[in-house]
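**Student:** Test case, fold it:
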Amino acid sequence: MTDAVHFTLIPTENGRQIGQITLNAEKTLNALSLAMIRQIAPKLEEWRNDSRVVCIVLRGAGEKAFCAGGDVVAIQAAIEARDFASTDAFFKEEYALDYTIHTYPKPILAWGHGIVMGGGVGLMVGASHRVVTERSRIAMPEVTIGLYPDVGASWFLNRLPGRLGIYLGLTGASFNAADALFVDLADFAFPSAQRDAVLGGLMGLAWQGNAGADQHVLGRYLREQSRHYSVELAPSPIRDHLDAIRACTNYENPEEIVAAITHYSGPDDWLRAGAQKLSVGSPTSIRLILAAQQRARHMSLTEVFAMEFNLSRQCCRHPDFAEGVRALLVDKDNAPRWFPTTLAEVSDAYIEGFFAAP
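**Tutor:** Okay, the predicted model is just below:
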């Protein structure tokens, strides 16, 4: 059986080491499982305390995906078996791993090539140096499976300009490398074909063995290389539509926001795709997304992960999450039976219950 995560220590020319973590589950687009989390977390702790290791590289195997998200099919199976101990463990340990990446003292370079969705975004956004390519396709599409943007998204989506976080959460809209750079969810863009050249160059850097100094060493190198390896990126739809996004989300209640987004009937494919995804999304997820971002507005990252842990555990104990995964990824009939079925039927009291620990 092939290991789902590969760990490699790469020697540098000045006697240091670079720790490389490769998500190695190509058939599932490197979807993150609990077993993978339980391999990565202790390795990061080991390398944190190893003075020889100066930098971490986080990447995905293959050419299709960095990480397409958490292994929600396995979570759905556990929910159907009423195995909430497993689902609770997944979310607790996933969020702990994400928090570790956000707060890791040594530089982490995340190579966010290809599909980066859901839990994959959670792994990438906390890294100190985040790379995208011309083939990066990023999204938080949880509204379509009866969940909500988690992995700290209640925190980082809140920090995007022009109520963009609300729009991306509600629509699950896919965005590209230029978008990610524009809204500061990525730091550098490289041609995908130059991955090995860029990563190979890390071995020749003047690593200091001091976390602060090595952050600068890596940043300076990536800036130089980004000028050398210029990449032509598709235009940023977020930049083009920021005013429209702000206008359609600038309402006080969910019904008005949903109506403004879903009633779009113009010629733009990107806005139309977002409207379509929202129109078939879970009504409970819609209200959860808005409530979570509202509550998280003044929270710390630690507080956000604690809130999301309760939310995700509750989603496992309510019907829409398992049903959404079934419809989209298991039976693939694309006909989820949401409960409650309409936005009007999702009461404030019902949503309030999701924020309490089970």
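**Student:** Could you export the longest helix anywhere in the chain as PDB, CA atoms only?
**Tutor:** Secondary structure of the chain per DSSP state H: the longest helix is helix 84-103. Provided in PDB are the C-alpha atoms of helix 84-103 (Å, rounded to 0.1, in the frame of the first residue of the first chain):
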ATOM      1  CA  PHE A  84     -19.300  10.600  15.800                       C
ATOM      2  CA  ALA A  85     -16.100   9.800  17.700                       C
ATOM      3  CA  SER A  86     -14.300   9.600  14.300                       C
ATOM      4  CA  THR A  87     -15.900  12.700  12.800                       C
ATOM      5  CA  ASP A  88     -15.100  14.700  16.000                       C
ATOM      6  CA  ALA A  89     -11.500  13.500  15.900                       C
ATOM      7  CA  PHE A  90     -11.200  14.400  12.200                       C
ATOM      8  CA  PHE A  91     -12.300  18.000  12.700                       C
ATOM      9  CA  LYS A  92     -10.400  18.500  16.000                       C
ATOM     10  CA  GLU A  93      -7.100  17.200  14.500                       C
ATOM     11  CA  GLU A  94      -7.600  18.900  11.100                       C
ATOM     12  CA  TYR A  95      -8.100  22.300  12.800                       C
ATOM     13  CA  ALA A  96      -5.100  21.700  15.100                       C
ATOM     14  CA  LEU A  97      -3.000  21.000  12.100                       C
ATOM     15  CA  ASP A  98      -4.200  24.200  10.300                       C
ATOM     16  CA  TYR A  99      -3.500  26.200  13.400                       C
ATOM     17  CA  THR A 100       0.000  24.700  13.600                       C
ATOM     18  CA  ILE A 101       0.700  25.900  10.100                       C
ATOM     19  CA  HIS A 102      -0.600  29.400  10.800                       C
ATOM     20  CA  THR A 103       1.700  29.700  13.800                       C
END
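**Student:** which secondary structure elements does that helix contact?
**Tutor:** Helix 84-103 sits against helix 34-48, helix 72-80, helix 119-125, helix 301-317, with contacts defined as 3 or more CB pairs under 8 Å, 6 or more residues apart in numbering; DSSP states H and E. From N, CA and C alone the C-beta is placed, and that goes for glycine too.
**Student:** Do me a favour and average the pLDDT over that helix.
**Tutor:** The average pLDDT within helix 84-103 is 98.
**Student:** now the angle between helix 34-48 and that helix, please.
**Tutor:** Put simply, helix 84-103 runs at 30 degrees to helix 34-48, going by axes from the mean of the first three to the mean of the last three CA atoms, to 10 degrees.
**Student:** Sheet-wise, list the partners of the helix or strand just after helix 84-103 with their directions.
**Tutor:** For helix 84-103, the following helix or strand on the C-terminal side (DSSP states H and E) is strand 108-112. Counting by DSSP bridges, the strands paired with strand 108-112 are strand 53-60 (parallel), strand 129-133 (parallel).
**Student:** And the helix or strand just after the shortest one, what does it pack against?
**Tutor:** Meaning strand 129-133. Downstream of strand 129-133, the next assigned helix or strand under DSSP H and E is strand 137-139. Counting contacts by 3+ CB pairs under 8 Å, 6+ apart, strand 137-139 packs against strand 115-117.
**Student:** residues contacting Arg52?
**Tutor:** 15-17 (CB atoms under 8 Å, 6 or more residues apart in numbering).
**Student:** for the longest helix of the chain, which positions count as buried?
**Tutor:** 87-88, 90-92, 94-95, 97-102 (16 or more other CB atoms under 10 Å).
**Student:** Return the closest of those residues with respect to Met203.
**Tutor:** Ile101 (22.6 Å; CB to CB).
**Student:** Can you tell me, leaving aside adjacent residues, what's nearest to that closest one?
**Tutor:** Gly126 (3.9 Å; CB to CB, 6 or more residues apart in numbering).
**Student:** now the longest helix of the chain, how far from the chain's geometric center?
**Tutor:** Relative to its parent chain, helix 84-103 has a centroid offset of 13 Å by CA atoms, centre = their mean, to the nearest Å.
**Student:** now Trp207: how far from Asp331?
**Tutor:** Distance of Trp207 to Asp331, given as CB to CB, to the nearest Å: 50 Å.
**Student:** Which of these two has more residues huddled nearby?
**Tutor:** Trp207 (24 against 11; other CB atoms under 10 Å).
**Student:** doesn't that one fall inside a helix?
**Tutor:** No. When DSSP: H, G, I helix; E, B strand; the rest coil is applied, Trp207 is found to be coil, with no helix at that position.
**Student:** In which helix or strand does Thr341 reside?
**Tutor:** Thr341 is part of no helix or strand when elements are defined by DSSP H and E.
**Student:** show me what contacts the closest residue to Leu160 other than its chain neighbours?
**Tutor:** Leaving aside its chain neighbours, Leu160 sits nearest to Val183 (5.1 Å; criterion: CB to CB, 6+ apart). Contact analysis of Val183 by CB under 8 Å, 6+ apart lists 160-161, 164, 238.
**Student:** Good, we can wrap up now.
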